[in-house]
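K.L.:
3D model of this:
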Amino acid sequence: MKTTPSFRQARLGAGLCLLSLSAAVAVSADVLQLRPLHRTERVLVPSDPAAERHYLAFPDVLDLGDEVLVSFKRGRAHGDDAGAVIDTVRIDKATDRVAAPQVIAGLGDKIMQMGEWVRFPNGDIGNYIDAQQVDDPARIGLRGVRSTDGGRTFGPLTRVGPVDGIEYGYPFEFVVEGTTTWMLVMTFANLQGGYSVHPPRPQAGAVDILRSEDSGRSWRFVRNLSREFGNIPINESSFVRYADGFLVVTRGYDNRARLHLTDNEFKVRKQADLTETYDFIEGYVGRPRVFMRDGQYYLIGRNWTVSTAAAASVPKDGVPNFPAAMKLCLFRLDPAALAVTAYAVLDNADGGNVTDAYYPVPYFREAGGRTYLRVVDYKGMNRRPPQIVEFEYLWDEVK
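P.N.:
Take a look at the predicted model:
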């Protein structure tokens, strides 16, 4: 049975005073469920059914201050998608206008998947891509493009190549601090130096941390986090600076969401299983992103608040609700306790048939003296091709 740890009531009370009484309820004695009253949704890039590549997904965001860069995959399917490319759009924060899409990466019949932004210490902007092919083995090694003019134009697609004898595939995230850039990235058994740690998925490898001191011109290996965290079967992960170390969130192939505290060299200090602890986290948190705002730490990602088996058996307007009523959720964290203190369902609270969605990336916008949380994501309903969308919330209602 899941149990909920105890937290300081004063802290939760301080959070509650930011909301109207209709906007928050106690999930238990210790965890609040926040219910946003302000919510908008707009389509940033629509899916055109007449277009050959009408499947739009897997966005990432780079906030440049006055503008926001959004990258995403344009292809035909979730995977095994020959010829898929990485597109970008720019959002002008002052006018909220969205520029026309621009292709920044393609490689013939290869698959450009999961483009991740980084702004290096020297000001260059990079987008790193999980390059794949339809033929087995799928991964062909990490690729990247670079801009030296603020993301207006990009140079050629280049192969990153082996780092200390290991070639990488799926990039998750970057942290930049001073002259140092850290990359969170995954190995694969078919690539040099990779090995299988997930028997049901023989290609899947470990999650590693890399480090660069020359704005991504070269990298060095820091640590194998899969091994460091106890040989756990993890893939999609996220990290952020916390105190003199890092806070890391991982998605497990074992259907678990975990938090980990490390030192500055990514040696584990302590860790916790959120799925075991909380009834409102019924499996992994998909494509998780952890971030800090106003001194607090947050986790955003795809979540199931009820049993996936139970939800899958309930029809929705005559259409089987599968996958099992996935939701977009935001969790407020207490990093010291590795605990959740509040959460909000940001999308699909009514349990609609969202069939492909939720690789969320947040950014913030100030307007009219208020702070708004913007979440760029992809979303498809009732098995229709997904498109790139943007949700908006009042930060005071969900923080």
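K.L.:
So for Ile388, what's the nearest residue that isn't a sequence neighbour?
P.N.:
Val45 (4.0 Å; CB to CB, 6 or more residues apart in numbering). (Glycine included, C-beta is placed from N, CA and C.)
K.L.:
Neighbouring strands - and their directions - for the strand of greatest length in the chain?
P.N.:
Within the chain, and with DSSP state E defining each element, the longest strand by residue count is strand 370-381. Sheet pairing of strand 370-381 (DSSP bridges) gives strand 354-357 (antiparallel), strand 361-367 (antiparallel), strand 387-394 (antiparallel).
K.L.:
Tell me how far the shortest one lies from the chain's centre.
P.N.:
Right, strand 354-357. 15 Å (CA atoms, centre = their mean, to the nearest Å).
K.L.:
before we move on, back to that, so what's the residue nearest to Ile388 up against?
P.N.:
Val45 sits next to 56, 72, 87, 89, 98, 101, 387-388 when contact means CB atoms under 8 Å, 6 or more residues apart in numbering.
K.L.:
which one of the residues you listed is nearest Asn224?
P.N.:
The shortest approach to Asn224 among the contacts of Val45 belongs to Phe72, at 29.8 Å (CB to CB).
K.L.:
Tell me how many other residues surround the closest one.
P.N.:
Residues lying near Phe72 (other CB atoms under 10 Å) number 28.
K.L.:
Skipping adjacent residues, who's closest to it in space?
P.N.:
Pro59 (4.3 Å).
K.L.:
I figured that neighbour was touching Val376, is that so?
P.N.:
Yes - in this structure Pro59 lies within contact range of Val376 using CB atoms under 8 Å: 4.9 Å.
K.L.:
which residues do these two both contact?
P.N.:
70, 361, 388.
K.L.:
what ranges of the chain fall below the confidence cut-off?
P.N.:
1-29, 197-202, 308-324 (pLDDT under 70).
K.L.:
what about Pro156, how many neighbours?
P.N.:
8.
K.L.:
Identify the residues contacting it.
P.N.:
Pro156 sits next to Val145 when contact means CB under 8 Å, 6+ apart.
K.L.:
any idea how far Ala105 is from it?
P.N.:
9 Å (CB to CB, to the nearest Å).
K.L.:
Overlap of the contact sets of the two?
P.N.:
Contacts common to Pro156 and Ala105, judged by CB under 8 Å, 6+ apart, are Val145.
K.L.:
rewinding a little: can you list the strands paired with strand 370-381 in JSON lines and add distance to Phe239?
P.N.:
Shown next, in JSON lines, are these (distance: least, CB to CB, whole Å):
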{"stretch": "strand 354-357", "distance to Phe239": "23"}
{"stretch": "strand 361-367", "distance to Phe239": "15"}
{"stretch": "strand 387-394", "distance to Phe239": "24"}
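K.L.:
and of those strands, who's closest to Asp214?
P.N.:
strand 361-367 (26.4 Å).
K.L.:
rewinding a little: check contacts around the residue nearest to Phe72.
P.N.:
Counting by CB under 8 Å, 6+ apart, Pro59 has contacts 70-72, 359, 361, 376-378, 388.
K.L.:
Pull out the buried residues from those residues.
P.N.:
70-72, 359, 361, 376-378, 388 (16 or more other CB atoms under 10 Å).
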